[in-house]
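K.L.:
Curious how this folds, go ahead:
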Amino acid sequence: MADNIDDLEDLFDSAPCGYLAAGADGRITKVNSTYCKWLDREKSTFIGHRFQDSLNIAGKIYYETHFAPLMRMQGFFNEVALDLVRADGSTLPVLVNAAERRDESNHLRFIRITVFNASDRRRYERELLESRRAAERANAELLELNQTLERRVAEAVEARLKSERALHQAQKMEAVGQLTGGIAHDFNNMLSVIVSSLGLLERRLVKGEDVSRFVFAAKEGANRAADLTRRLLSFSRQQTLAPEAINANQMVADMSELLRRTLGEAVQFETVLAGGLWHVHADRNLLESAILNLAINARDAMPDGGRLTIETANCHLDEAYAAEQAIASGQYVMVAVTDTGTGMTPDVVAKAFEPFFTTKGVGKGTGLGLSQVFGFVKQSNGHIKIYSEIDHGTTMKIYLPRFYGASEGSKPQTKELLALASGREVILLVEDDAQVLSLTAQTLGDLGYEVIETRNAAEALEALSAHPEICLLYTDLVMPEMNGRALADEARRRRPDLKILFTTGYARNAIVHNGILDPDMNLLQKPASMQHLAGKVREVLNSKS
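P.N.:
The predicted model follows:
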């Protein structure tokens with residue numbers, strides 16, 4: 001019996017949990033070694049004291065207000081999380097179970113208190129809590145990332161739609177440009193007939209009845225029609241450019257007097273020219289025409305007068321803006337024309353470059369001014385932008401790519417003289433339009449040349465073989481089967497010394513690469529007056545090559 005008691009005492013004393021017994025007054029009567037080791041105290045320090053005396057301050061309060069009353073009411077409590085205080089002042093997290101033991105008469109004999117070390121459990125709970133907080137933070141960050149991605153996707157979609165709208169507009173403008181280019185080509189052939197007929201009529205009626213005023217009126221009308229055609233070609237980007245290095249500051253300065261006279265006294269004109277302005281490589285005449293066009297539009301937008309400013313600057317178009325506008329990024333020279341006029345609504349700005357669109361009254365504008373500027377700028381690989389506010393004014397900005405090459409001297413102007421044939425000179429004329437062929441041949445005949453007329457390349461090559469005296473091939477560029485450029489190449493192969501002059505309403509298909517005429521090619525634009533034809537033919541025949 002004594003051995004059994006010893007075993008029970010050993011089991012109680014060395015159990016893996018803390019065991020305590022307290023009397024009816026709550027004071028400890030017995031405690032095992034496990035509990036004492038946890039708190040690093042002797043058993044004697046606990047005997048006669050209450051369990052709650054080993055708790056931290058918060059635990060004591062919590063025990064007295066919650067668990068002591070609970071114990072009295074129901075006689076037990078389970079897994080209460082508390083913190084015991086060790087001898088060194090540190091705390092030990094524990095789970096406590098307590099139960100009353102009563103006799104057969106229901107008298108309280110003692111209270112059994114079981115204490116479990118909860119250090120690992122508390123650590124797990126803390127780690128779980130930290131993991132949960134980390135998960136919540138990650139979830140919040142993911143939510144923010146999703147919102148950011150959605151915003152970025154929305155911005156990217158909007159940018160894409162904007163680019164697509166710009167591309168759609170450009171495609172629409174290109175389609176209209178192709179249409180006007182075709183119209184211009186046919187219209188130029190008709191004008192060639194008119195101009196040639198009037199030239200012959202003028203010469204043959206010199207000694208007859210005075211019809212000069214009618215001739216002049218007809219030629220003036222034809223020239224105005226030709227100007228309209230040039231505007232169509234400019235918009236369609238199918239005109240022939242003669243680019244050269246240009247200092248825009250000098251150009252604006254040279255134009256100042258013309259601009260002042262054009263604008264009138266009611267408009268105050270000023271220039272703001274940038275120092276160290278880069279050069280551009282563009283057609284001088286067309287750039288001057290573009291600036292004059294914008295200035296006239298600005299004047300018309302200020303019927304009661306105002307201020308017009310022409311400004312130049314070096315600038316850089318970044319990749320984002322360049323992609324949005326479908327142009328190349330990089331360095332550009334800007335020429336801006338600003339007025340203080342009536343301004344334009346967004347709808348008008350959107351249509352401003354469309355051909356034949358105008359806000360002016362009937363008979364006051366063709367609607368091709370801005371489209372001509374647009375075509376020239378685009379053909380020069382540039383960009384044009386409108387900024388406008390109603391009742392505040394408008395700024396039209398032309399951007400042309402910076403030119404890195406050396407500047408060139410001004411090209412001498414060819415005088416329009418009625419140059420006649422010199423001796424016996426034979427010209428091989430090639431033109432697929434019968435009326436243009438006949439009238440051009442008569443005009444050349446009146447200038448003293450012998451003319452061999454052919455309607456296509458095949459006939460021309462036969463005539464070239466049969467007539468070695470031919471000194472000039474004068475051919476249209478746009479012809480069926482074999483175009484003028486191919487004909488010229490074959491003719492030069494047979495006759496390396498043969499002089500060649502091209503003519504066309506537009507020169508895109510044969511001798512123009514990216515809108516720029518090859519330097520060794522001679523071209524006469526349709527329609528050509530008698531003076532222009534005479535001068536150009538004489539110039540080519542007199543040339544050394």
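K.L.:
how close does residue 304 sit to residue 339?
P.N.:
For residue 304, the distance to residue 339 (Cβ to Cβ, to the nearest Å) stands at 12 Å. Heads up, the C-betas are built off the backbone N, CA and C, glycines and all.
K.L.:
Could you do residue 479 as well?
P.N.:
Counting by Cβ to Cβ, the gap from residue 479 to residue 339 is 46 Å.
K.L.:
Residue 384 too?
P.N.:
Separation of residue 384 from residue 339 (Cβ to Cβ): 16 Å.
K.L.:
Have a look at those two and say which one is more surrounded.
P.N.:
residue 339 (26 against 21; other Cβ atoms under 10 Å).
K.L.:
wait, that one sits on residue 298?
P.N.:
Yes - applying Cβ atoms under 8 Å, one finds residue 339 in contact with residue 298, separated by 3.6 Å.
K.L.:
Now for these two: what residues contact both?
P.N.:
Any residue near both residue 339 and residue 298 by Cβ atoms under 8 Å, 6 or more residues apart in numbering counts here, and that gives 308, 394.
K.L.:
Strands of the stretch 1-150 of the chain, start to end?
P.N.:
Using DSSP state E, counting those that start in this stretch, the strands found in the stretch 1-150 of the chain span residues 18-22, 28-31, 76-85, 91-102, 108-117.
K.L.:
Can you tell me what sits against the third one?
P.N.:
The list of residues contacting strand 76-85 from outside it, by Cβ under 8 Å, 6+ apart, reads 38-39, 54-56, 58-59, 62-63, 67, 70-71, 91-100, 115, 118.
K.L.:
helix/strand/coil for the residue nearest to the spatial centre of the chain?
P.N.:
Centroid check for the chain by Cα atoms, centre = their mean gives residue 324 as the closest residue, at 1.6 Å. Under DSSP: H, G, I helix; E, B strand; the rest coil, residue 324 falls in the helix class.
K.L.:
And it, how far from residue 527?
P.N.:
41 Å.
K.L.:
cool, and residue 148?
P.N.:
To residue 527, residue 148 is 63 Å away according to Cβ to Cβ.
K.L.:
again with residue 289
P.N.:
19 Å.
K.L.:
who's more crowded, the two?
P.N.:
residue 527 (25 against 18).
K.L.:
Help me confirm that the more buried one comes into contact with residue 198.
P.N.:
No - when contacts are counted by Cβ under 8 Å, residue 527 is not listed as touching residue 198 (10.3 Å).
K.L.:
Between the two, which contacts overlap?
P.N.:
Contacts common to residue 527 and residue 198, judged by Cβ under 8 Å, 6+ apart, are residue 222.
K.L.:
quick one, helices of the stretch 151-300 of the chain?
P.N.:
Secondary structure of the stretch 151-300 of the chain (DSSP state H, counting those that start in this stretch): helices at 212-236, 248-263, 284-300.
K.L.:
got the buried residues for the last one?
P.N.:
Applying a neighbour-count criterion of 16 or more other Cβ atoms under 10 Å, the buried positions in helix 284-300 are 286-300.
K.L.:
Of those, which is the nearest to residue 135?
P.N.:
Taking Cβ to Cβ as the measure, residue 135 lies nearest residue 294 of the buried residues of helix 284-300, at 63.5 Å.
K.L.:
give the contact list for the closest one.
P.N.:
Residues in contact with residue 294 (Cβ under 8 Å, 6+ apart) are 337, 373, 396, 398.
K.L.:
again, only this time at 10 Å
P.N.:
By Cβ atoms under 10 Å, 6 or more residues apart in numbering, residue 294 lies in contact with 308, 310, 335-339, 369-370, 373, 384, 394-398.
K.L.:
Looking at these, which are in strands?
P.N.:
308, 310, 335-339, 384, 394-398 (DSSP state E).
K.L.:
Could you dump the strands of the stretch 1-150 of the chain into JSON lines with mean pLDDT added?
P.N.:
Listed next are the strands of the stretch 1-150 of the chain as JSON lines, based on pLDDT from 0 to 100:
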{"stretch": "strand 18-22", "mean pLDDT": "92"}
{"stretch": "strand 28-31", "mean pLDDT": "93"}
{"stretch": "strand 76-85", "mean pLDDT": "90"}
{"stretch": "strand 91-102", "mean pLDDT": "91"}
{"stretch": "strand 108-117", "mean pLDDT": "91"}
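K.L.:
Can you tell me which of those strands is nearest to residue 328?
P.N.:
Judged by Cβ to Cβ, the one of the strands of the stretch 1-150 of the chain that comes nearest to residue 328 is strand 91-102, at 71.2 Å.
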